[in-house]
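Participant: Sequence first, predicted model second:
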Amino acid sequence: MVASAKSLNEILRDLKPAMPPKPVEEDPTVVVLDDVEDDDVVPEGTTASVSSVNARNLFRHPETNPLVLDLALIQRFGIEWFGWEPETIEFRILKEFNVDTVSDLALSKLNAIKTLHLVDSFWQRWEVFVWITMPLNDIFPDFEVMQVPTVFQCLNAVDIAGRVRDDMHFDEELEVYLRQVCLHDGILFPIPPLDWVDLDTSELPVDIEDVQTRWSGVRASRRSPTGDTPEDEQLRRSLMLFLLLEQQRAELRQQLRILPNV
């Protein structure tokens, strides 16, 4: 994709929902995975369930993955939809997909994904990173009050963005910002896709080399260490993030199966 030099105000305009948020008409429910396929094994230590997103509620369910929305529109309209205003996106979805409602959260997710396709700002400017990270995590972005994402929300957003564009690298401004997010959450050993964030732990009472050495074994076993050392705690936190991200990916795979019916 060719990035355009949009101003901050233009990006802000594109990211804002077309209308103020309104209540979701259908509350999310959960279904148990009784017939999970091998590649969809739910990670041990996480909830064995996915949200009940289906072809009928795809554009109004609060937990629809933004990538699924993106692919649904590409499947129907090609890349033409990248150039549409939010009002046009909503109108075409209502008309072409024969649905009654497109939630404002779904439009916010689509505007975030469209921004990823068209401009590089997510990888360059921390404020744009935050505005996009929120809808990628099923949260409305707040353009008046600064929102502070968690490490997991950043992991999930970077994971999604990397599937939209795999040719991008983060600027130093984002590394500085994400370093502070990790320190704020007490994460001293960032896991992929944030393993490029360099943290200086030389003044902290933790042996990161020991954590790094033990990490592959902990990740493979999916079992938290039982010790009470700083290294054990970092491994527990890293494993929690790993399992949560694996669960998000399992839910994405489940939702992708909907697309042939949309």
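Facilitator: Sure thing, it's come through. What you see is a predicted model, and the numbers here were worked out from it, not measured in a lab.
Participant: Can you list the low-confidence ranges for the chain?
Facilitator: Residues of the chain that meet the criterion pLDDT under 70 lie in 1-51.
Participant: 90 instead?
Facilitator: 1-52 (pLDDT under 90).
Participant: Now do the strands for it: every range, in order, please.
Facilitator: Using DSSP state E, the strands of the chain run over 30-32, 49-51.
Participant: quick one, what contacts residue 182?
Facilitator: Listed by Cβ atoms under 8 Å, 6 or more residues apart in numbering, the contact set of residue 182 reads 151, 188, 190, 194, 197, 199. (Each C-beta comes from the backbone N, C-alpha and C, glycine too.)
Participant: From residue 230, how far out is it?
Facilitator: Residue 182 is 15 Å from residue 230, where distance means Cβ to Cβ, to the nearest Å.
Participant: From the structure, what's the count of residues near the closest residue to residue 169 other than its chain neighbours?
Facilitator: Among residues not flanking residue 169 along the chain, residue 123 sits closest, at 6.8 Å (Cβ to Cβ, 6 or more residues apart in numbering). By other Cβ atoms under 10 Å, the residues close to residue 123 number 19.
Participant: Can you tell me how far residue 190 is from residue 154?
Facilitator: Noted for residue 190: a distance of 9 Å to residue 154, by Cβ to Cβ.
Participant: Residues that sit against both of the two, list them.
Facilitator: Shared contacts of residue 190 and residue 154, counting by Cβ under 8 Å, 6+ apart, come down to residue 178.
Participant: more crowded one of these two?
Facilitator: More neighbours surround residue 154 than the other of residue 190 and residue 154, with 27 against 21 (other Cβ under 10 Å).
Participant: so who does that one touch?
Facilitator: Counting by Cβ under 8 Å, 6+ apart, residue 154 makes contact with 133, 178, 181, 194.
Participant: quick one: which of the residues you listed is nearest to residue 90?
Facilitator: Set against residue 90, the nearest of the contacts of residue 154 by Cβ to Cβ is residue 133 (22.7 Å).
Participant: any idea what sits nearest that closest one, other than its immediate chain neighbours?
Facilitator: Counting by Cβ to Cβ, 6+ apart, the residue nearest residue 133 is residue 157, at 3.9 Å.
Participant: quick one on the thing from earlier: can you add distance to residue 253 and neighbour count and give the contacts of residue 154 back as JSON lines?
Facilitator: Listed next are the contacts of residue 154 as JSON lines, based on distance: Cβ to Cβ, whole Å; neighbours: other Cβ atoms under 10 Å:
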{"residue": "133", "distance to residue 253": "22", "neighbour count": "25"}
{"residue": "178", "distance to residue 253": "26", "neighbour count": "24"}
{"residue": "181", "distance to residue 253": "27", "neighbour count": "22"}
{"residue": "194", "distance to residue 253": "22", "neighbour count": "20"}
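Participant: from those, which is closest to residue 210?
Facilitator: Closest to residue 210, out of all of those and judged by Cβ to Cβ, is residue 194, at 19.9 Å.
Participant: And the residue nearest to residue 133, how far from residue 195?
Facilitator: Using Cβ to Cβ, residue 157 is found at 15 Å from residue 195.
Participant: between the two, which one's more packed in?
Facilitator: residue 157 (24 against 10).
Participant: in this protein, which spans are helices?
Facilitator: For the chain, helices defined by DSSP state H occupy the ranges 8-15, 66-77, 86-96, 104-118, 126-136, 151-164, 172-184, 208-221, 230-256.
Participant: right, and those helices - which one's nearest residue 262?
Facilitator: helix 66-77 (5.1 Å).
Participant: tell me what that closest one is packed against?
Facilitator: helix 86-96, helix 104-118, helix 151-164, helix 230-256 (3 or more Cβ pairs under 8 Å, 6 or more residues apart in numbering; DSSP states H and E).
Participant: Let me have the ones you listed in a markdown table, adding distance to residue 58 as columns.
Facilitator: Below are the helices and strands packed on helix 66-77 laid out as a markdown table (distance: least, Cβ to Cβ, whole Å):
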| stretch | distance to residue 58 |
| --- | --- |
| helix 86-96 | 9 |
| helix 104-118 | 8 |
| helix 151-164 | 17 |
| helix 230-256 | 8 |
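Participant: Thank you kindly, that will do.
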